[in-house]
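Asks: Got a sequence here, can you build the structure:
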Amino acid sequence: MRKQAGFTLIEIAIVLVIIGLLLGGILKGQELITGAKVRNLISQVDGVKAAFFGFQDRYRAYPGDYSQAAANIAGVTAGGNGNGRVEAIGTSGTTTPEELLVWDHLSHAGFITGTYTATSSTAASSPATNPANPYNVLIQLIYDTGYAEGTSASAGVSRHNVKTGSQVPVEIMAEVDRKVDDGRANTGGFRGSIYSGGGGIGTSTGSCWDNGGNWRTTSGEANCGGASLL
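Replies: Numbers count the residues shown, from 1 in each chain. Now for the predicted structure:
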């Protein structure tokens, strides 16, 4: 009879070590990818906020709302109504919403890269009017109540804020909140938001965050968004 030889304990141990190293590498790679996406989103929002305040410091007015923008910024064809709020309305005599003019003003003044044209009377609809987040969904800078407050998807007090747009996985949103704020969707300087940005409505409570403001990181929801208050 022929003698059959099996694997030795050393061979089995070596295989298990290799499998462990492969799994560890995969998990570490996923962690690095997630971290890069978080940093990218934070960097984009911080860049917009820096541009907003830089514009205000130079022109003593808000981008989008600046009534003398056409006269003082080369390439700009329309100004805002100068009431101190970047709103979804046009100026007297023009139908261009200030939420679109804000990107036109910032780009022509050199505070952000890219070319954005504010000539439409409709809401933001393409990368020609608004910059996009890492998930190719349009972001927004506006004065409104479109951010979470308590158990509501909308706050009672209007404030200037930068919305990330939707289609952001909930675990990314939660990590961004932990890194820049208090980690809760309904308090602090970074909140949850249902602004769609052309990518579908993000869930206000339930899949993205609960009534207590806790991000539902185990839900697997891929359509969430946030708002950074200015």
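Asks: switch to C-alpha atoms for all contacts and neighbour counts from now on
Replies: Noted.
Asks: mind checking which helix or strand residue 142 is in?
Replies: When elements are assigned from DSSP states H and E, residue 142 belongs to strand 140-144.
Asks: Within the sheet, what are the partner strands of the following helix or strand past that strand, with directions?
Replies: The helix or strand immediately downstream of strand 140-144 is strand 159-163, counting by DSSP H and E. Sheet pairing for strand 159-163, assigned by DSSP bridges, gives strand 140-144 (antiparallel), strand 226-229 (antiparallel).
Asks: so which of the ones you listed comes closest to residue 150?
Replies: strand 226-229 (14.5 Å; Cα to Cα).
Asks: What average pLDDT does the closest one get?
Replies: The predicted model assigns strand 226-229 a mean pLDDT of 95.
Asks: do stretch 194-203 as well
Replies: Mean per-residue pLDDT for stretch 194-203: 74.
Asks: do the same with stretch 47-59
Replies: On average, stretch 47-59 scores 96.
Asks: Return it as CSV; C-alpha atoms alone will do.
Replies: Taking C-alpha atoms only, stretch 47-59 is exported to CSV below (Å, rounded to 0.1, in the frame of the first residue of the first chain):
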residue,chain,number,x,y,z
GLY,A,47,-11.5,75.4,0.8
VAL,A,48,-14.9,76.8,0.0
LYS,A,49,-15.2,78.4,3.5
ALA,A,50,-11.8,79.9,3.2
ALA,A,51,-12.7,81.4,-0.2
PHE,A,52,-16.0,82.7,1.2
PHE,A,53,-14.2,84.6,4.0
GLY,A,54,-11.4,85.7,1.8
PHE,A,55,-13.8,87.3,-0.6
GLN,A,56,-15.7,89.0,2.2
ASP,A,57,-12.4,90.4,3.6
ARG,A,58,-11.4,91.8,0.2
TYR,A,59,-14.7,93.2,-1.0
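Asks: Buried residues, it. List them.
Replies: Residues of stretch 47-59 classed as buried: 48-49, 51-55, 59 (neighbour count, 16 or more other Cα atoms under 10 Å).
Asks: Inside helices: which ones of the residues you listed?
Replies: 48-49, 51-55, 59 (DSSP state H).
Asks: out of these, who's nearest residue 184?
Replies: Taking Cα to Cα as the measure, residue 184 sits nearest to residue 49 out of those, at 20.5 Å.
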